[in-house]
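Asker: below are the sequence and a predicted model for it; my questions follow.
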Amino acid sequence: MIFDRLDNWRRYPYGSAWEDAFEYLAALPLDCPDGETELRGRDIYVRVMSYQPCRRRDAVLEAHREYADVQCVLSGVELVEWYPADTLEVKTPYDAARDAEFYTATALAPLRADVRYDRFVVFFPGDAHRTQISAARTASPVKKAVIKIRQSLLKR
């Protein structure tokens, strides 16, 4: 997992797929419409979504095996949580078509962070994450871009 300022993305040497994703984010207008865009077919694609953050107990805890998630809040703020997936109890087994496995957590997350504009978080395969959590009692709507990058394209 990575949590950092958006202008620090060049510090991570993950190759051309990483560069394509962040260059797309840098050019993405804040008022862009919700929807999905393919940057390199299904190897790299973007989902822009708007939603009202929810209570922690209503948020989904998931991990992926094929894709890394680069998440960047365009407006609003949300709380995210991170867990090592191999420490959790599986709630719904892995579904390859959705590239998702869902979990139940019995303890508090080892890492929690507020994500707002000018920050990004990356969840790699094996990083279980719960997102879309309200960061305040009176949360405002969130608009977020999630870039899915096929893990095999990230160079180390």
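Answerer: Received, thanks.
Asker: and the strands in this structure, which stretches?
Answerer: 2-5, 35-38, 44-51, 61-63, 67-75, 77-84, 89-95, 100-104, 111-116, 119-123, 127-134, 142-150 (DSSP state E).
Asker: and residue 156, which of those is closest to it?
Answerer: Across the strands of the chain, residue 156 has its closest neighbour in strand 67-75 (11.8 Å, Cβ to Cβ). Every residue, glycine included, has its C-beta placed from N, CA and C.
Asker: look up how far residue 84 lies from the residue nearest in space to the middle of the chain.
Answerer: Residue closest to the average C-alpha location in the chain (Cα atoms, centre = their mean): residue 71, at 3.7 Å. Using Cβ to Cβ, to the nearest Å, residue 71 is found at 18 Å from residue 84.
Asker: what's the answer for residue 104, then?
Answerer: 14 Å.
Asker: between these two, point out the one with more neighbours.
Answerer: residue 84 (13 against 10; other Cβ atoms under 10 Å).
Asker: great, nothing more from me.
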